[in-house]
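>>> Next one to model:
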Amino acid sequence: MKAVRWHNVRDLRVEQIEEPVIGKGKVKIKVEWAGICGSDLHEYVAGPIFIPKNEPHPLSRDKAPIVMGHEFSGQVVEVGEGVTRVKPGTRVVVEPILTCGECSACHKGKYNLCEKMGFHGLSGGGGGFAEYTVVDEHMVHILPDDLSYEQGALVEPAAVALHAVRLSKLKAGDKAVVFGAGPIGLLLIEALKAAGAAEIYAVELSPERREKAEELGAVVLDPSKVDVVAEIHRLTDGGADVSFEVTGVPAVLQQSIDATKFEGETVIVSIWENEASVKPNQIVMKERSVIGIIGYRDVFPAVLQLMKQGYFPADKLVTKRIKLDNIVQEGFEALLKEKNQVKILVKAE
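As a prediction, this is how the structure comes out:
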């Protein structure tokens with residue numbers, strides 16, 4: 001079958017590989033649509049981050065070259081022995097977290113904090129940038145009939161956004177600011193709307209992405225034209241209750257902290273390629289807090305329900321659809337060069 005594999009930095013290859021074989025407790029899926037994630041882009045330009053390059057991943061037992069793609073929807077074509085929740089023909093999305101089930105985090109139900117945590121499509125075991133993939137039954141969620149496969153491909157990144165808002169201290173009626181209006185930032189705006197935020201601000205350099213953020217209901221700020229920290233304090237009468245850092249740009253982290261009020265909170269959502277410095281006294285003197293989130297846990301069903309209500313709309317967030325053969329130039333390179341791109345979906349044909 002056709003698949004896209006990561007070999008090294010800026011070395012993605014569309015290759016013919018063996019079709020995955022079903023096993024006990026496993027589900028085989030024909031991939032319909034797969035999204036290119038910011039994490040995929042990090043791996044492309046600066047990896048390996050999650051990708052096991054020199055040593056096999058402890059759970060998948062795979063190492064590079066790795067099939068990529070962890071945001072995807074598809075149709076079940078075959079099930080292994082013992083599988084009862086789905087059958088051939090079932091439309092599904094995949095929660096692509098690999099966990100050991102044995103560490104303290106797993107025992108407490110916080111499986112996204114597993115000591116050996118990885119991602120299907122980043123850490124081995126197959127992925128969504130392929131014609132077919134095989135996953136454990138527990139990773140599969142049924143896609144409601146009234147949601148399209150394209151919408152299904154957005155469930156995974158929307159889960160990141162919803163998890164970030166759920167773990168924050170934001171309450172209905174609060175004021176929030178999102179630094180970075182890329183795909184996750186835009187999905188955060190939707191998650192904040194669903195959570196009842198009274199005011200949502202988005203800080204973004206790209207005029208096209210600012211337009212998208214405004215279309216979704218945020219008040220947009222251009223950091224090249226205004227002092228965003230001062231402006232947020234002015235607009236919110238003292239600072240945001242919660243800020244979300246979604247750029248991975250070191251200087252923006254301090255801005256995210258400074259934009260909050262006393263006892264405000266900053267949630268770091270980005271995956272970082274480099275270190276970032278902060279001014280601790282800006283946290284200490286205002287009794288602010290800073291937390292980080294990774295992935296998601298126990299939110300896919302809620303995302304699907306919110307999508308049925310119209311949140312996280314694919315028609316506003318998907319800006320390009322491409323074939324697997326063209327994924328490098330029309331997908332990864334386009335995301336690096338074309339700031340009007342938000343979410344690019346890929347189809348194996």
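>>> where are the low-confidence patches of the stretch 101-250 of the chain?
The stretch 101-250 of the chain contains no residues with pLDDT under 70.
>>> quick one: the helices in it?
In the stretch 101-250 of the chain, the helices defined using DSSP state H, counting those that start in this stretch lie at 104-107, 149-152, 155-167, 183-195, 207-215, 228-236, 250-258.
>>> The last one packs against which elements?
For helix 250-258, the packing partners by 3 or more Cβ pairs under 8 Å, 6 or more residues apart in numbering; DSSP states H and E come out as strand 175-179, helix 228-236, strand 240-245, strand 260-268, helix 280-284. C-betas here are computed from N, CA, C, even on glycine.
>>> I'd like to know which of these is closest to I322.
Among those, strand 175-179 comes nearest to I322, with 26.9 Å by Cβ to Cβ.
>>> relative to helix 250-258, how tilted is the closest one?
Going by axes from the mean of the first three to the mean of the last three Cα atoms, to 10 degrees, strand 175-179 is angled at 180 degrees with respect to helix 250-258.
>>> Within its sheet, name the partner strands of strand 175-179 and how each one runs.
Strand pairing for strand 175-179, using DSSP bridges, gives strand 199-203 (parallel), strand 240-245 (parallel).
>>> Break the chain down into its domains, please.
2-154+312-347, 160-292 (automatic domain parsing).
>>> The longest one spans what distance, first to last residue?
The distance separating the two terminal residues of domain 2-154+312-347, taken as Cα to Cα, to the nearest Å, comes to 11 Å.
>>> Repeat that for stretch 317-328.
Using Cα to Cα, the two ends of stretch 317-328 sit 20 Å apart.
>>> what does that stretch rub up against?
2-4, 12, 14, 33, 36, 129-130, 150, 154, 183, 186-187, 212, 330-331, 334, 340-349 (Cβ atoms under 8 Å, 6 or more residues apart in numbering).
>>> can you give me the strands in the stretch 51-200 of the chain?
Under the criterion DSSP state E, counting those that start in this stretch, the stretch 51-200 of the chain contains strands at 66-67, 71-79, 91-94, 97-98, 118-119, 132-136, 140-142, 175-179, 199-203.
>>> just how off-centre is the last one within its chain?
Pointing back at strand 199-203 there. When distances are taken as Cα atoms, centre = their mean, to the nearest Å, strand 199-203 is centred 19 Å away from the chain's centroid.
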